[in-house]
Every structure is written in structure tokens, then in C-alpha cells.
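> With the sequence up front, the predicted model follows.
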Amino acid sequence: MNKRADDSTTIRHTSINQGSEYRSQFNKTVTWRTENLLLNTSKPMELIVDHRRHPSPRIPVYIQGEPDSISEASKLLKWKMNAAYIHKKAQQKLLHLRQLKRFRVEILDARTKQQLCFMDKVDPHSTIGEVKSLFHKSYPKWYPSRQALKLDPKGKALRDEDVLQNLPVGTTATMYFRDLGPQLGWTMVFLAEYMGPLLIYLLFYFRVPYIYTDKFAFTASPYPVVSLACACHSFHYIKRLIETIFVHRFSHGTMPLRTIARNCAYYWGFAAWLAYYINHPLYTPPSYGEMQVNYSLLVFILCEAGNFSIHLTLNNLRGEGPKIRKFPSPTKNPFTWLFFFVSCPNYTYEVGAWVSFSIMTQCVPVALFAFLGFIQMTIWAKGKHKTYTREFKDYPNLRMPILPLIL
């Protein structure tokens, strides 16, 4: 073992016949260091452990004309005892190195900058989701899905799958916590959003009291298009409920309760508004009569079937496993052939269904609902299209986000 002046150490085990080789390499090292470094000859020390019964005399190494210190350990150590001791020390050293590599995580309040939690000896391979679970133990009211952890108070929230050692932080990571408020799972979110419009529309269709004047309570409209519109509207939301329960695959993600209230107000409010006019006693049928209604009904049915087919295709694609990343492609089902031209045909069919429903009823609130839905779905489609083109180099260039060859 050669301990140098800068406290670095070299350990080498040599056999009986390798003593001269060791001495030669040692002399070369000393010569190089003498010529290139300013050495303090009082610092270097050579510790020799010789396990032979009759060790040969030691020849000191001369550094700048002065011999280095040699510590004879052959008389003090026995091999078995020494091996166990070295093994124990090595384990202690490895444990110490592991502890040095562990992270310390400090969590501060994003608004007040007050320290909420300090975690010591966190494994560097821990994910943000695991850090949230550790933080949850200190604050049970803030369950993991309610937490948003950021590296900057005004920055973007870290994803649960982000690994601690891959973040741009040192061994002490400072994170900022923001409370997202009460959360609700995605299945319950969609059930709440879709159940409301279904029931609200039926209240207007059956003309329950206090909606219109008392003389129209529980009366029926004389126009067949009113009943047909109720059937189409109910079918649309029943289909959505069935897809939510049996088709869609949701992750463990959640939505804040205040966002759910806003979404429900949007869906429920529009359902009440369009149902009020379609089922109103003074409602008049479309200008072009049965032809307008029948063609619109045909387009509505095709779009609903296409939307359901796309959802099944996407569900089968996710069913192949989370580690398999593929973009959706057309199948033998003709409704999926729209994948040749757009990245999100489910949104295309959804917009088509509401446009045909607005033409069928010739109702302005329905047309406005379809237009606002088209704007929102275009934003979603552009986001997914951008993700596909960035992730897959062989993604078809012909595809557009939502409208073939246009948008």
C-alpha cells in the first residue's frame, strides 16, 4: 500500500515472484512524481504486509536523496484475521459511499417559502411519486394526487415518473409544494359530466312543471323531430357512459374538484339551454322538413359509430402494454380508415355528430355548443398530433390533427 502526499492511496497485492515487478513500477511512479510534482519527502510512506514466513529485507525507495518510511506489518498481522478485518472495513466503506450518494430533499411552501418537510437519505433512484408518498406520511391530508412539486415556485410541476437523480439538482434537492385541492378520479369525473346532461334533457323533454307554463306541463310536442332529437341526445350520452365504464382505460390520474365543477357547469348548462329551445312549445321544425332531418340523422348515426370504433381501436392499442409505444393506425374496420388522414378521428367524428345534430334541430344553441366543442377539440388534437410527430420519426406526413387536408 503506497500512501501519497496528497492522501491518495494505492493498494496492490503481489505474489512471491512479483516483488521485483512491484518495486520497478513503484520506482517509476516515484521518478515521475519527483520530476513533475513538488514532493514533501516526509509525507510518503510505504506499508508492506509480507505473509511469508521468512520475509526478505526491505529496500527503501529514495525520493530526492532521502529514503521513504517503511512500516513493517508482517510480524503484527495474521492472514485470516487480517482478511476478516479488511472485509469488514470494505463493507463499512461501501456503506459510507452509499450514504454519501443519497439525497436530501427539502420541501418548501410555494407561497410562503416556509419549510414543510426535510427528508434525509433519500434513494437517488426514487421517483417524484415516491417522494410524494414520503411527504404524505408527514402530512396525511395532502395525499399524493393532491400534491404539485416544482423545482421553481412559478415553474412547471414535476411528473410522478421523474427520477430524483435525473433532475437538475445537487445532493440536496429543494422543491416547492402547491396544494391542488380535493381530487376526483377520471372515471367519476366523466360519469358526473355525462350523467347530468342526460337527465337534464329528459326533464325538458317531458316538460316537468315550472319549466314552461303550467298548461304545457307533461305535454308532448306534435313534431316527430323533437322526439328524434331526444333519442339522439340520450343515445349520445348513454354511449359515453358505456365507454367510460367498459371501454376507456384511465391511469391513476385525477382532476381537481374545482375543475370538475367548472366542466359540469359547462356540460349541464348547455344541455339545459339547448333542451329548453328544442322542447319549447313554440319550437318549429327545420326549414327543409323530413329531408333535412333524415340526412342529418344518417350523418349523426355514422359519426357516432365512427367515434365508438375509434375509441375501441385506441383501447386495443393501450391494451398491448404501457412499454409498447405505437401510434394508432387504420384497421379492417372502415370507420378507422380516417386514420389515413387525421391523427384524432375520434374528435372528427364527435364534431360531425354535433354538427349534424344542430342541422337536424336547426337550433342556434346546439350550433354554438358544436362550435365551442370544435375549438376545444382542435386544441387537444393539435397537442396529440405534435406529440406523435415528435415521438415517432416514421409518423405519416399526410395526417392532419382533426380535419383531413385542412387542419
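Okay, I see it.

> show me what contacts Phe216?
When contacts are counted by C-beta atoms under 8 Å, 6 or more residues apart in numbering, Phe216 touches 207, 281. C-beta coordinates here come from the backbone N, C-alpha and C atoms, glycine included.

> now do the one 10 residues further on
Val226 makes contact with 205, 278-279, 283, according to C-beta under 8 Å, 6+ apart.

> and which of those is nearest Phe246?
Tyr205 (26.4 Å; C-beta to C-beta).

> Could you list the low-confidence segments of the stretch 101-250 of the chain?
101, 250 (pLDDT under 70).

> count of neighbours near the nearest residue to Asn333 once chain neighbours are set aside?
Nearest non-adjacent residue to Asn333, counting by C-beta to C-beta, 6 or more residues apart in numbering: Ser309, 5.2 Å away. Ser309 sits with 20 neighbouring residues when counted by other C-beta atoms under 10 Å.

> for Arg207, same thing?
For Arg207, the neighbour count with other C-beta under 10 Å is 18.

> gap between it and Pro330?
45 Å (C-beta to C-beta, to the nearest Å).

> which among the contacts of Val226 end up buried?
205, 278-279, 283 (16 or more other C-beta atoms under 10 Å).

> Which other helices and strands does the host helix or strand of Ala261 contact?
Element membership of Ala261 [criterion: DSSP states H and E] is helix 257-278. With contacts taken as 3 or more C-beta pairs under 8 Å, 6 or more residues apart in numbering; DSSP states H and E, helix 257-278 sits against strand 183-185, helix 186-205, helix 224-242, helix 364-391.

> For Tyr347, find the nearest of the ones you listed.
It's helix 364-391; of the helices and strands packed on helix 257-278, that one is closest to Tyr347 (C-beta to C-beta) at 4.0 Å.

> and whichever strand or helix holds Val105, which residues are buried?
Element membership of Val105 [criterion: DSSP H and E] is strand 103-109. By neighbour count, with 16+ other C-beta under 10 Å as the criterion, the buried positions of strand 103-109 are 103, 105, 107-108.

> and which of those residues is nearest to Leu199?
For the buried residues of strand 103-109, the nearest to Leu199 is Ile107 (43.4 Å; C-beta to C-beta).

> ok, the closest residue to the closest one other than its chain neighbours - contacts?
The spatial neighbour of Ile107 that comes closest, neighbours along the chain excluded (C-beta to C-beta, 6+ apart), is Cys117 at 4.4 Å. With contact taken as C-beta under 8 Å, 6+ apart, Cys117 is in contact with 105-107, 135, 138-139.

> and with 7 Å instead?
For Cys117, the contacting residues are 107, 135, 138, by C-beta atoms under 7 Å, 6 or more residues apart in numbering.

> quick revisit: which of the helices and strands packed on helix 257-278 sits closest to Ser296?
Closest to Ser296 of the helices and strands packed on helix 257-278, according to C-beta to C-beta: helix 224-242, at 9.2 Å.

> Dump the closest one to PDB, restricted to CA.
Provided in PDB are the C-alpha atoms of helix 224-242 (Å, rounded to 0.1, in the frame of the first residue of the first chain):
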ATOM      1  CA  PRO A 224     -91.500  14.000 -34.600                       C
ATOM      2  CA  VAL A 225     -88.100  15.700 -34.800                       C
ATOM      3  CA  VAL A 226     -88.400  16.700 -31.100                       C
ATOM      4  CA  SER A 227     -88.700  13.100 -30.100                       C
ATOM      5  CA  LEU A 228     -86.000  12.100 -32.500                       C
ATOM      6  CA  ALA A 229     -83.700  14.800 -31.100                       C
ATOM      7  CA  CYS A 230     -84.300  13.500 -27.600                       C
ATOM      8  CA  ALA A 231     -83.500   9.900 -28.700                       C
ATOM      9  CA  CYS A 232     -80.200  11.100 -30.400                       C
ATOM     10  CA  HIS A 233     -79.200  13.200 -27.400                       C
ATOM     11  CA  SER A 234     -79.900  10.400 -24.900                       C
ATOM     12  CA  PHE A 235     -78.100   7.900 -27.100                       C
ATOM     13  CA  HIS A 236     -75.000  10.100 -27.400                       C
ATOM     14  CA  TYR A 237     -74.600  10.400 -23.600                       C
ATOM     15  CA  ILE A 238     -75.600   6.800 -22.800                       C
ATOM     16  CA  LYS A 239     -72.800   5.800 -25.300                       C
ATOM     17  CA  ARG A 240     -70.400   8.000 -23.500                       C
ATOM     18  CA  LEU A 241     -71.300   6.500 -20.100                       C
ATOM     19  CA  ILE A 242     -70.900   2.900 -21.500                       C
END
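
> Now it: buried residues?
Buried residues in helix 224-242, counted by 16+ other C-beta under 10 Å: 225-226, 228-230, 232-234, 236-237, 239-240.

> Just the closest of those residues to Val351, please.
For the buried residues of helix 224-242, the nearest to Val351 is His236 (12.8 Å; C-beta to C-beta).

> List of residues touching stretch 165-182?
Here stretch 165-182 has contacts from 103-110, 116, 124-125, 142, 146-153, 164, 256-258, using C-beta under 7 Å, 6+ apart.

> What subset of the residues you listed is buried?
By 16+ other C-beta under 10 Å, those give 103, 105, 107-108, 110, 116, 142, 146-149, 151, 164, 256 as buried.

> Need phi/psi at the nearest residue to Asp160 once chain neighbours are set aside.
For Asp160, the nearest residue in space outside its immediate sequence neighbours is Gly129; the separation is 3.6 Å by C-beta to C-beta, 6+ apart. Per-residue torsions, Gly129: phi -60, psi -40 (degrees, to the nearest 10).
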